[in-house]
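**Q** Below are the sequence and a predicted model for it; my questions follow.
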Amino acid sequence: MLLLPNDKPFKTLDRYLDIETFLSLKDTFYYMFSNNLEHSKASWNAGSVEPDCSWKYLTETPYLYYALDKAKTDKYVELLKDKREGLAKYLQLKYNAFNPYTFMHINDYDTHEFKDFVPTEILKWMSKLPMTIDLVSILYNEHYVPLKYHRDFNFFPLEEGNKPEVPDTVQDVIWLRFDLNRNLYLYDFDVLGNIIDVVKFEGYSVNFNHYNWHVIS
């Protein structure tokens, strides 16, 4: 069942945000990300996919998280353990692993302070947003490579125990995009992984419950 804040799957925020300035900063965001790759990392979590999941779409190309667990005895995995970017590539090459996205946090979740490398133009735009922000993350995946659907909880079931129940805490997520051709969808499934419902987002910015299954394509 889809989780519906205010009885709707999402809320488009374009009328509330300065989208024109946001779009004008596209190249600045691209440069910031590209010039500070050492602050980015692959996605090393389960994305709410349970250890015994049998949904073919999620298991035929396993997340890095599960591929790494199954490859623990691989001698090259051990040699690459301190080179996480290289380890991700090795798991992708040998085990057909899937890296949902590369992400970069540009501020501190606890203090809300932004990293020194964030350009002034971006800071100025964000300072005028009509809401308080805990964490700002840049998500990147290769062009024409769709993500697998995932949910943003139950990240580490092998280490912390499988916790498939939807958390009762509320975390509002605002998702922005520069390109309207890069779509974000919400999904609802039955217990066998068959799609029941799909909702396509509208606009450059949306607010939604990220405990729903979702995917960028």
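**A** Nice, thanks for sending it over.
**Q** Could you point out which residue ranges in this protein have low pLDDT?
**A** 143-146, 170-171 (pLDDT under 70).
**Q** Have a look at the chain and report its longest helix.
**A** The longest helix of the chain (DSSP state H) is helix 84-95.
**Q** buried residues in it?
**A** Burial within helix 84-95, assessed by neighbour count using 16 or more other C-beta atoms under 10 Å, is assigned to 87-88, 90-92, 95. Placement of C-beta: from N, CA and C, glycine included.
**Q** again, but for stretch 18-33
**A** 22, 25, 29, 32-33.
**Q** Mind jotting down where the helices sit in the protein?
**A** 19-24, 26-34, 56-59, 64-70, 75-79, 84-95, 120-127, 157-160.
**Q** any chance of the ones you listed in TSV, plus distance to Y101?
**A** Listed next are the helices of the chain as TSV, based on distance: least, C-beta to C-beta, whole Å:
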stretch	distance to Y101
helix 19-24	20
helix 26-34	12
helix 56-59	16
helix 64-70	11
helix 75-79	21
helix 84-95	11
helix 120-127	20
helix 157-160	20
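**Q** Please name the nearest non-neighbouring residue to L158.
**A** D69 (5.9 Å; C-beta to C-beta, 6 or more residues apart in numbering).
**Q** F29 against W125, yeah?
**A** No: if you go by C-beta atoms under 8 Å, F29 and W125 don't touch, sitting 10.0 Å apart.
**Q** Tell me, how many residues neighbour G47?
**A** Using other C-beta atoms under 10 Å, G47 is surrounded by 21 other residues.
**Q** ok, now N183?
**A** For N183, using other C-beta under 10 Å, the count is 14.
**Q** same deal with W125?
**A** Neighbours around W125, by other C-beta under 10 Å: 17.
**Q** now it: how far from L3?
**A** 30 Å (C-beta to C-beta, to the nearest Å).
**Q** Quick one: the strands in the chain, in order.
**A** 10-12, 40-42, 102-105, 137-140, 172-176, 184-189, 195-200, 205-209, 213-216 (DSSP state E).
**Q** in its sheet, what does the first one sit against?
**A** For strand 10-12, sheet partners with direction are given as strand 205-209 (antiparallel), following DSSP bridges.
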